[in-house]
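Trainee: Curious how this folds, go ahead:
(one chain, ligands or ions: 1)
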Amino acid sequence: MIRPVFAALLLALPISAHAQTITVETPWARATAPNAKAGGLFMTLTDTGAPDKLVAVASPVAGVAEVHRTVEQNGVMKMLPVAALELEPGKQVVLAPGGYHVMLMDLKRQLKPGDTFPVTLTFANSAPMTVTVKVEAAGAAAPSHDMHSGHTMPGMVPAAKP
Ligand SMILES: [Cu+2]
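Mentor: This next block holds a predicted model:
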């Protein structure tokens, strides 16, 4: 027999179907030229729960946002759309120049260094999340606030910022 207090506890259990188990680190985008229609968006995704997939990306700054991967085919670098980016428990998926990235297309405005804008990530299982993206210089190869420039050892000269 289940006593009333236990029944109440069972009812109070959270619904776990759409728990947030993905973390997003250092979302950043490259600055774009004034009339550019496309830009690159980068971040690091970590899955702390069950296997999942990034299935859609959207931002008010772009008409279309797609996950791409950069591959070399016959000596030519090409970008191919990725319909669902696989996320494995405990593993990081790094979106970075030259590899996986989110392609922002049909840009609504120029992305200028220092700007921020929201981007919404939709997953197959985990709850959708909106993160704030920081715009870095056009030639940036990595976010300027990453671990390499964010921490300096005593006596080290900090790297010059662009
Ligand atoms: Cu691309």
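Trainee: going forward, measure contacts between C-alpha atoms and count neighbours the same way
Mentor: Noted.
Trainee: Now do the contacts for residue 31.
Mentor: 39, 110-113, 135-138 (C-alpha atoms under 8 Å, 6 or more residues apart in numbering).
Trainee: Name the nearest residue to the residue most central in space within the chain, ignoring sequence neighbours.
Mentor: The chain has residue 43 as the residue nearest its centroid, 3.9 Å off, counting by C-alpha atoms, centre = their mean. Closest residue to residue 43 apart from its sequence neighbours, by C-alpha to C-alpha, 6 or more residues apart in numbering: residue 27 at 4.3 Å.
Trainee: With residue 114 instead?
Mentor: Once flanking residues are discounted, residue 114 sits nearest to residue 135: 5.3 Å by C-alpha to C-alpha, 6+ apart.
Trainee: Quick check: the one you found touching residue 110?
Mentor: No: between residue 135 and residue 110 there is no contact under C-alpha atoms under 8 Å: 10.3 Å.
Trainee: So which of these two has more stuff around it?
Mentor: Neighbours per residue, other C-alpha atoms under 10 Å: of residue 135 and residue 110, the larger number sits with residue 135, 23 against 17.
Trainee: So in terms of bridging, what pairs with the more buried one?
Mentor: Applying DSSP bridges to residue 135 yields these beta-bridge partners: residue 29.
Trainee: Start the count at 10 instead of 1 going forward.
Mentor: Noted, 10 is the first residue going forward, which turns the last one into residue 144.
Trainee: so what's it up against?
Mentor: Contact partners of residue 144, counting by C-alpha under 8 Å, 6+ apart, are 37-40, 120-125.
Trainee: Kindly report the same for residue 41.
Mentor: For residue 41, the contact set (C-alpha under 8 Å, 6+ apart) comprises 47-48, 119-121, 147.
Trainee: Check which element follows the helix or strand where the residue nearest to the centre of the chain lies along the chain.
Mentor: Assigned by DSSP states H and E, residue 52 belongs to strand 47-56. Downstream of strand 47-56, the next assigned helix or strand under DSSP H and E is strand 61-67.
Trainee: For the host helix or strand of residue 141, list every residue counted as buried.
Mentor: Using DSSP H and E, residue 141 maps to strand 138-145. By 16 or more other C-alpha atoms under 10 Å, the buried positions in strand 138-145 come out as 142-145.
Trainee: Right, I'll call it a day here.
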